[in-house]
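A.B. asks: The following block contains a protein sequence and its predicted model.
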Amino acid sequence: MRLNQNTMLLGKKVVLVPYTSEHVPRYHEWMKSEELQRLTASEPLTLEQEYAMQRSWREDADKCTFIVLDAEKWQAQPGATEESCMVGDVNLFLTDLEDPTLGEIEVMIAEPSCRGKGLGTEAVLAMLSYGGDPPTDSE
């Protein structure tokens, strides 16, 4: 969804950034995990397929994806890349384009060391807030 292409959501524990091609290599490495494939009901993809998937998610009007960054790591390391601070993703799926109040949210904290620390909870709450009142194209 292009609506969020210039949006960054800052929280206490997480920073949400749009899913771009720069994130794909790390995301692809995560998705090689049989555990994550099972937990997310995902099939393994090639790196090329992962890039194609990222492009389709950016273009689809019914999906909004943010990469979840560890805010503490991102803010503590000046010059740190987003890729080095990635911990997961959060997605909003609009289930009825005629009624944008209907949808579902999914979150994945892919980094095992980052689970159970409230990052997923904060990411979902930020997405709920953003999805409930997204900016317009004029903002």
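C.D. replies: That came through fine.

A.B. asks: Look up how far residue 90 lies from residue 104.
C.D. replies: According to Cβ to Cβ, to the nearest Å, residue 104 and residue 90 sit 11 Å apart. C-beta coordinates here come from the backbone N, C-alpha and C atoms, glycine included.

A.B. asks: quick one, which of the two is more surrounded?
C.D. replies: More crowded of residue 104 and residue 90, by other Cβ atoms under 10 Å: residue 90, with 28 against 9.

A.B. asks: quick one: that one and residue 54, what's the gap?
C.D. replies: 15 Å.

A.B. asks: Then residue 20?
C.D. replies: 7 Å.

A.B. asks: Compare those two and say which is more crowded by neighbours.
C.D. replies: Ranked by neighbour count (other Cβ under 10 Å), residue 20 and residue 54 place residue 54 first, with 19 against 14.

A.B. asks: Where does that one fall, secondary structure wise?
C.D. replies: helix 47-59 (DSSP states H and E).

A.B. asks: packing partners for that helix?
C.D. replies: Applying 3 or more Cβ pairs under 8 Å, 6 or more residues apart in numbering; DSSP states H and E, we find helix 47-59 packed against helix 24-30, strand 63-70.

A.B. asks: Let me see the contact set for residue 53.
C.D. replies: If you count contacts by Cβ atoms under 8 Å, 6 or more residues apart in numbering, residue 53 has them with residue 45.

A.B. asks: how far away is it from residue 87?
C.D. replies: From residue 53 to residue 87 the distance is 19 Å (Cβ to Cβ).

A.B. asks: cool, and residue 112?
C.D. replies: Applying Cβ to Cβ to residue 112 and residue 87 gives a distance of 10 Å.

A.B. asks: Among the two, which residue is more densely surrounded?
C.D. replies: Between residue 112 and residue 87, counted using other Cβ under 10 Å, the more crowded position is residue 87 (27 against 11).

A.B. asks: Which residues does residue 94 form beta bridges with?
C.D. replies: Note on residue 94: beta-bridge partners residue 103, judged by DSSP bridges.
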